[in-house]
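J.: any chance you could fold what I've pasted below:
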Amino acid sequence: MVVNKYILIALLFPIMAHSKIWFVAQGMSGDGSSWAEAQGNLSSVLALAKSGDQVWVKFGTYTPTEDNNRLVSFAIPSGVALYGGFEGTENQVDQRDLSVYQSILSGNIGDETIHTDNSYSVVLTINAESSTIVDGFIIKDGYADGAGLPGSSQRAGAGWYNQGIDGGVSNPTIINCIFQNNFALEGGGLYNNATDGRCNPYIRNSAFINNRADLDGGAIFNNGLRGECSPLILDSYFAENEATYGAGILNQGAQGVVKPLISNCSFSNNSSFIKGSSIYSFNQDMSDCAPIVQGCSFEENKSGISGPSISSNISDLLFESFSKSSAAKPGLYIRSTAN
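T.: From the prediction side, this is the model:
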């Protein structure tokens, strides 16, 4: 047993030795070891951070790149915890006041008066463990209008593109974040791509405001193509998002599993041009696409085509304390190609 104990210590020591806190503040040029020696370039710090590290970001606006390269995003390494909302004097994360000090991750890298030269995706995670944390940021002004196949990163996930494809798993933790003013062809605020893989992020106490998708998933698009995409979405707010289908959340499972838990969320003033002004779930090709909706409220959401159209797989959908403001224009729509 003594030998096993020292083996365990030896295995853990490399991880502990690399764990550190990085400090980031606008206009600074230090080594990131303290607030007094803060680094000013967040992307540079993320490139150096290792699993187990924390990155503390002082209030201010940060862009992924200092040039006009739209392909560059804030790439969050797996296992790194990124915290925003600091005044720049704190020595504990719980000392932050997020209502006063705003750390903004912005895709507005070019001409500030136009959006078409903005970053395709502001934040990027690939195969991120659940210990990958983003807490206390406003994520805004991504503009994913590029070419490519449906779900590709240049046309999806303008605020955040989360990828766990081809056997990969990406389950980041998103807390106390605001996704705002992001535009994409698909998944304006957040796109979870689980094609042949898994994406099950944990999202809590966050807001999705005024995000837009030219096609589907104004705020969030969950893609479970031959994979699994079942995020936990808790205590969050969806307002003034727009899409053709699923202005709030679009769930699509083709030969895959898409079963998000959506609990204690509020949907208001979201607009879909066709159906699913709040939540649209599209079952196709032997998929298991059945969101669980608990304790959510739906107010003043609008769809271009009125009236509910719920498929025969309604038995797979769990509602608890479900409410909507208008029977004529419901916030939630389920479609099955089998019917």
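J.: low-confidence ranges, this structure, go.
T.: Scanning the chain for pLDDT under 70 picks out the ranges 1-18, 306-339.
J.: give me the most central residue, it.
T.: residue 190 (4.1 Å; Cα atoms, centre = their mean).
J.: you'd agree that residue is up against residue 179?
T.: Yes: between residue 190 and residue 179 there is a contact at 6.4 Å, judged by Cβ atoms under 8 Å. To be clear about C-beta, it is placed using only N, CA and C from the backbone, and glycine gets the same treatment.
J.: any shared contact partners between the two?
T.: Common contact partners of residue 190 and residue 179 (Cβ atoms under 8 Å, 6 or more residues apart in numbering): 159-160, 208, 219.
J.: derive a ChimeraX selection command for the buried subset of those residues.
T.: The ChimeraX selection below is limited to those of these classed as buried (16 or more other Cβ atoms under 10 Å):
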select :159,160,208,219
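J.: turn the shared contacts of residue 190 and residue 179 into a markdown table, columns for distance to residue 153 and secondary structure.
T.: As requested, the shared contacts of residue 190 and residue 179 are arranged in a markdown table below (distance: Cβ to Cβ, whole Å; DSSP: H, G, I helix; E, B strand; the rest coil):
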| residue | distance to residue 153 | secondary structure |
| --- | --- | --- |
| 159 | 12 | coil |
| 160 | 11 | strand |
| 208 | 19 | strand |
| 219 | 18 | coil |
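J.: pull the number of nearby residues for residue 147.
T.: 8 (other Cβ atoms under 10 Å).
J.: how far does stretch 258-268 sit from its chain's centre?
T.: In terms of Cα atoms, centre = their mean, to the nearest Å, the centre of stretch 258-268 is set 14 Å apart from its chain centre.
J.: what of stretch 187-194?
T.: Offset of stretch 187-194 from its chain centre (Cα atoms, centre = their mean): 7 Å.
J.: same check, this time on stretch 131-151
T.: How far stretch 131-151 lies from its chain's middle: 7 Å, per Cα atoms, centre = their mean.
J.: repeat that for stretch 87-105.
T.: 21 Å.
J.: now the end-to-end length of that stretch.
T.: Its start and end residues considered, stretch 87-105 measures 16 Å (Cα to Cα, to the nearest Å).
J.: now swap in stretch 170-182 and tell me
T.: 22 Å.
J.: same deal with stretch 147-167?
T.: 25 Å.
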